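>>> for reference, the sequence and a predicted model appear below.
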Amino acid sequence: MMQGLEYSTPAAVYNSTNFLINIKPKTFDKPQKVQSNRNMYLRAPNNQYALNDFNVLFLDKEYNVIGKLLDKKASIKTLDMPNGADPNKVDTSINNIAYEIAFKDSNKDGTIDDNDYHDLYISDLSGKDLTQMTKGIDVKEFEFINNHSGLMITYTDRSNLAEEYKIKKFAVYNIATKQLRKLTEVDKGVEEIQKILNNPK
């Protein structure tokens, strides 16, 4: 099986003169099952399909390469580069980009892809100072808060439970201190309300 690269045109990085290019691996000659009428068959060779981002290339304002995000294989499921609310004014509080990244083949299927465990990371606007924010939890949603000084993270504990049995929880990450604080008081409040719901009286 051969692999190549699929990549976007340079995109401007908000509150910066930098640009970035999302790079994906592109796999050739891997058969895929396709339904045709009532018959199932394998699509012919020379098929190609793109996976999650594999890396991100950063450029300066003259399109010179200033670095890449990662130095090893990974799956980048999400890249969140905030934009300001006012299109006529640059929000200078935006200084970071957030990513969901997997570096390990956690399900042991031979590929680091969307099905593996991804953790939340953050970098500056040139892709430097990449820092891991979460570990051992499954991030469901996240957003920048408090003038982009932190992130509100919605997550569930990482387990083999069916998705419908997992309890949604919250945490706040402080970018300056690099500290993750789980909002356990909110968890307790939700548990109390759950008890009311389950009380037969």
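Great, that's in hand.

>>> per-domain residue ranges of this protein.
Domain ranges of the chain: 1-132, 136-201, per automatic domain parsing.

>>> give me the helix or strand of this protein that scores worst on average pLDDT.
Within the chain, no helix or strand scores below strand 39-42, which has a mean of 36 by mean pLDDT, DSSP states H and E.

>>> hmm, who's touching stretch 95-103?
Stretch 95-103 is contacted from outside by 13, 15, 69-70, 72-81, 112-113, 116-125, 127, 133, 139, 142, 144, 148, 151, 175, using Cβ atoms under 8 Å, 6 or more residues apart in numbering. In short, each C-beta sits where N, CA and C put it, glycine included.

>>> residues contacting the residue lying closest to residue 58 once chain neighbours are set aside?
In this structure, residue 58 finds its nearest non-sequential neighbour in residue 127, 4.3 Å apart by Cβ to Cβ, 6 or more residues apart in numbering. Taking Cβ under 8 Å, 6+ apart as the criterion, residue 127 is in contact with 20, 56, 58, 66, 67, 68, 69, 97.

>>> look up which residues are beta-bridged to the residue minimising distance to the centre of the chain.
In the chain, the C-alpha closest to the average C-alpha coordinate belongs to residue 100, at a distance of 2.3 Å (Cα atoms, centre = their mean). With DSSP bridges as the criterion, residue 100 is bridged to residue 78, residue 120.

>>> how far away is it from residue 134?
Between residue 100 and residue 134 the computed distance is 9 Å (Cβ to Cβ, to the nearest Å).

>>> also residue 22?
Note on residue 22: its distance to residue 134, by Cβ to Cβ, is 22 Å.

>>> all helices of this structure, in order?
184-198 (DSSP state H).

>>> any weak-confidence spans in it?
Within the chain, the ranges that satisfy pLDDT under 70 run 1-2, 27-51.

>>> how about 80 then?
1-3, 26-51, 200-201 (pLDDT under 80).

>>> return the alpha-carbon coordinates of stretch 143-158 using PDB.
C-alpha atoms of stretch 143-158 as PDB (Å, rounded to 0.1, in the frame of the first residue of the first chain):
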ATOM      1  CA  GLU A 143     -14.200  26.200  23.600                       C
ATOM      2  CA  PHE A 144     -12.000  29.100  24.500                       C
ATOM      3  CA  ILE A 145     -13.300  31.200  27.400                       C
ATOM      4  CA  ASN A 146     -12.400  34.300  29.500                       C
ATOM      5  CA  ASN A 147     -10.900  36.300  26.700                       C
ATOM      6  CA  HIS A 148      -9.100  33.200  25.400                       C
ATOM      7  CA  SER A 149      -7.200  32.700  28.600                       C
ATOM      8  CA  GLY A 150      -8.600  29.300  29.100                       C
ATOM      9  CA  LEU A 151     -10.800  26.500  27.700                       C
ATOM     10  CA  MET A 152     -14.000  25.000  28.900                       C
ATOM     11  CA  ILE A 153     -13.800  21.300  28.200                       C
ATOM     12  CA  THR A 154     -16.700  18.800  28.200                       C
ATOM     13  CA  TYR A 155     -15.600  15.200  28.600                       C
ATOM     14  CA  THR A 156     -16.400  11.700  29.800                       C
ATOM     15  CA  ASP A 157     -14.200   9.300  31.700                       C
ATOM     16  CA  ARG A 158     -12.300   7.000  29.400                       C
END
